[in-house]
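Undergrad: No letters, just coordinates:
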């Protein structure tokens, strides 16, 4: 298959490209190679030139909770526009490539104890992530509406919090677990005596190693089992608190730094954990990276990157 990956040199996109290149022709698209995916005409020329069988949208405008809440209009506008532009362009082409949407689990109802697909879109996303979450919900609605009117086919995958090598080095822009690791390494280098946990440390999150996302998408392209439109969680149904994750980072680094919480920082939703019943139906006993090994791999990467 010929597959365009929007945001193909980014954190998630680059790893998906690495794995899919083994069996498919991959076009990685981003500003880096002249395709500004925030520009509709660039998306149009990209699709017309390469005539893909599928498009994986890894492009997003994001950051940590404090970044999202300081730029809510920009976050919502830029992310919504990406989705709308993709569907508009694909709808007007004779070739109708499959669109793969990667949707954050922050778009779920924040009051659910376990986020199961049948509860998708019931209730509100947490206030702390509303701008980003609402844009992700728009992606789902666009997949429904453009299929009904124009026959554009989509698959919607819902992801927990991603972590691993290759993300931003700025802890305010990077994914949460990566940000903890980056700040911890910086604290050690600065010989600080304490490490600040942003918020209370109590919120629990499900985490997924970035390579696991790529492996699952490769598996889906080889088997083509997942249904059109219907959301599917990429899930283990397992979560860890921010405090627990920070302690695992500390243990791996063999650090004696004291941990303290900064409750002036935003906590976010108290729990985000995805149900995995549907996942097991399609992926069987997929072996996820353990959190301990994943943290170790990520620490090793950032230790080489941080001066």
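TA: Nice, thanks for sending it over. None of these values were measured; they are calculated from a predicted model.

Undergrad: Tell me how many other residues crowd residue 270.
TA: 13 (other CB atoms under 10 Å). C-beta coordinates here come from the backbone N, C-alpha and C atoms, glycine included.

Undergrad: And it, what's its pLDDT?
TA: If you check residue 270, the pLDDT there is 89.

Undergrad: And for residue 62?
TA: Looking at residue 62, its pLDDT reads 68.

Undergrad: let's number from 670 now, not from 1
TA: Sure thing, new numbering starts at 670, so read that last one as residue 731.

Undergrad: Could you list the low-pLDDT ranges of the protein?
TA: 731-735 (pLDDT under 70).

Undergrad: In it, mark out all the strands, start to finish.
TA: Along the chain, the stretches classed as strands by DSSP state E are 671-675, 694-698, 723-726, 767-773, 823-828, 830-832, 863-867, 873-874, 876-878, 901-902, 909-910, 927-931, 940-941.

Undergrad: I'd like these laid out as a markdown table, including distance to residue 840.
TA: Listed next are these as a markdown table, based on distance: least, CB to CB, whole Å:
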| stretch | distance to residue 840 |
| --- | --- |
| strand 671-675 | 25 |
| strand 694-698 | 26 |
| strand 723-726 | 25 |
| strand 767-773 | 19 |
| strand 823-828 | 20 |
| strand 830-832 | 13 |
| strand 863-867 | 9 |
| strand 873-874 | 16 |
| strand 876-878 | 16 |
| strand 901-902 | 27 |
| strand 909-910 | 19 |
| strand 927-931 | 13 |
| strand 940-941 | 20 |
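
Undergrad: a markdown table please, covering those and showing mean neighbour count.
TA: As requested, the strands of the chain are arranged in a markdown table below (neighbours: other CB atoms under 10 Å):
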| stretch | mean neighbour count |
| --- | --- |
| strand 671-675 | 23 |
| strand 694-698 | 20 |
| strand 723-726 | 22 |
| strand 767-773 | 22 |
| strand 823-828 | 22 |
| strand 830-832 | 23 |
| strand 863-867 | 18 |
| strand 873-874 | 20 |
| strand 876-878 | 24 |
| strand 901-902 | 23 |
| strand 909-910 | 18 |
| strand 927-931 | 13 |
| strand 940-941 | 21 |
